[in-house]
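Colleague: I would like the atomic coordinates for the input below:
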Amino acid sequence: MTALAMAPQPGLAARRRFSGVLLGVTVLLGLAGLLIGSDGGSLAALWDPAMVQVLWDIRAPRTLGAWLTGALLGLSGAIAQGLFRNPLADPYLLGSSAGAGLGVVLVLAAGSLTGHTVQLLAADAVSKLGLVGAAFGGALLGVSLTLMLARGAQRTTGLLLAGVVVGVVLGALADLVTLAAPDALRGKQVFMLGTTGFLGWSSDLVLGLTLIATLPLAQRFSRALDALTLGEDSARSLGIALPRIRMLLVLLLALATGSAVAQAGLVAFIGLVAPHLVRRQVQGTHGFTLTASAAVGGTLLLASDVLARAVVAPQELPVGVLTAGLGGSYLLWLMRRRGLV
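Modeller: Residues are numbered from 1 along each chain as shown. The predicted model follows:
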């Protein structure tokens, strides 16, 4: 074997370098997540016996949960952009966000009508099993309605249009519910802004199991996404059963997005920006892009979570506000650089 054949491929070297840098940044952010709280941050917290319970019960599960939530959103964004062959596709395209919002509003409205205070429900927004289940069920309902309206997953254009219609209708229903039960509005705002403040070990377990279930399955269909980049006709000529694979990918997209939304609310732009950052740094097949987008999404949300704690300490910003501002600014900069605006 010649020395040229034994040399590492440039693409492989770039992926290794990218993965190494990403791992280092994630570890540093994880340490920052353990150290930074409402009372500031200090390395002494790692050796202070009084802080052990705070680290274990609050900061550690929140830090891990933020990474897992971002990973699911990054994976969902990579699936959506590959499936629809649209770099502006995001995990909320198919009505999952509107459905989750409606589910949350219905539970909050029912709680206010039965005498529960909105403050209690809003404070436990993602730790209450009923509220989490309602958000997850609503997200799946939104996707199911989109599939019914589009008559399956045969046409990507039909899916996109159906998702827009379902999102508008379910959003209008949620607004009608808040008009009938105004006390539900505050809890709805907490959910819509996105928050990682209520993530605990039970949430991490759900998020981790979902990621373990969805990422390998998405990897299994990565070659189909590669074929779709050549066009639907070319993909069919390669023997790919597009309707069945589209349906399975849509279900994976719904499961990953629904789980993330149910635990942390509507965190904007992570699923849209993460695949862009990966493709900008490293060119590769969808097999690499799916995994890297999950890792980048986790790191982005973890960084946003740390900033949300530190910017106005001892108060916290909703993490969804930060991701929307930073993600929107990045996309605007990217569009200006390419002369699109």
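
Colleague: mind showing which ranges of this structure have poor pLDDT?
Modeller: Under the criterion pLDDT under 70, the flagged ranges of the chain are 1-10, 38-50, 111-131, 152-154, 235, 339-341.

Colleague: center of the protein - which residue?
Modeller: Central residue of the chain (Cα atoms, centre = their mean): residue 73, 2.1 Å from the mean position.

Colleague: so who does that one touch?
Modeller: Going by Cβ atoms under 8 Å, 6 or more residues apart in numbering, residue 73 touches 91, 256-257, 260, 267, 270-271, 274, 297, 301. C-beta: built from backbone N, CA, C; applies to glycine.

Colleague: in helices only, show me the residues you listed.
Modeller: Among the contacts of residue 73, DSSP state H puts 256-257, 260, 270-271, 274, 297, 301 in helices.

Colleague: could you give the separation of the host helix or strand of residue 326 from the chain centroid?
Modeller: Using DSSP states H and E, residue 326 sits within helix 319-337. Averaging C-alpha positions (Cα atoms, centre = their mean, to the nearest Å) puts helix 319-337 16 Å from its chain's average.

Colleague: so which residues of this protein form strands?
Modeller: Ranges of strands within the chain are 36-37, 40-41, based on DSSP state E.

Colleague: so what does the first one touch, helix or strand wise?
Modeller: Applying 3 or more Cβ pairs under 8 Å, 6 or more residues apart in numbering; DSSP states H and E, one finds that strand 36-37 contacts helix 286-310.

Colleague: helices or strands up against the helix it packs on?
Modeller: Short answer (3+ Cβ pairs under 8 Å, 6+ apart): helix 286-310 packs on helix 10-35, strand 36-37, helix 60-84, helix 201-220, helix 222-228, helix 270-281, helix 319-337.

Colleague: now do the first one: distance to the chain's middle.
Modeller: Taking Cα atoms, centre = their mean, one finds helix 10-35 lying 19 Å from the centre of the chain it belongs to.

Colleague: from residue 292, how far off is residue 15?
Modeller: Using Cβ to Cβ, to the nearest Å, residue 15 is found at 8 Å from residue 292.

Colleague: so between the two, which is more surrounded?
Modeller: The neighbour count for residue 15 versus residue 292, taken as other Cβ atoms under 10 Å, is higher for residue 292 (25 against 18).

Colleague: ok, and for stretch 162-175, which residues are buried?
Modeller: 162-163, 166-167, 169-171, 173-174 (16 or more other Cβ atoms under 10 Å).

Colleague: nearest to residue 84 among those residues?
Modeller: Proximity of the buried residues of stretch 162-175 to residue 84 (Cβ to Cβ) peaks at residue 163, which lies at 9.8 Å.

Colleague: mutual contacts of residue 15 and residue 292, please.
Modeller: Here residue 15 and residue 292 have 282, 284 as joint contacts, going by Cβ under 8 Å, 6+ apart.

Colleague: which residue comes closest to residue 281 once chain neighbours are left out?
Modeller: Spatial nearest neighbour of residue 281, excluding adjacent residues (Cβ to Cβ, 6 or more residues apart in numbering): residue 18 at 5.4 Å.
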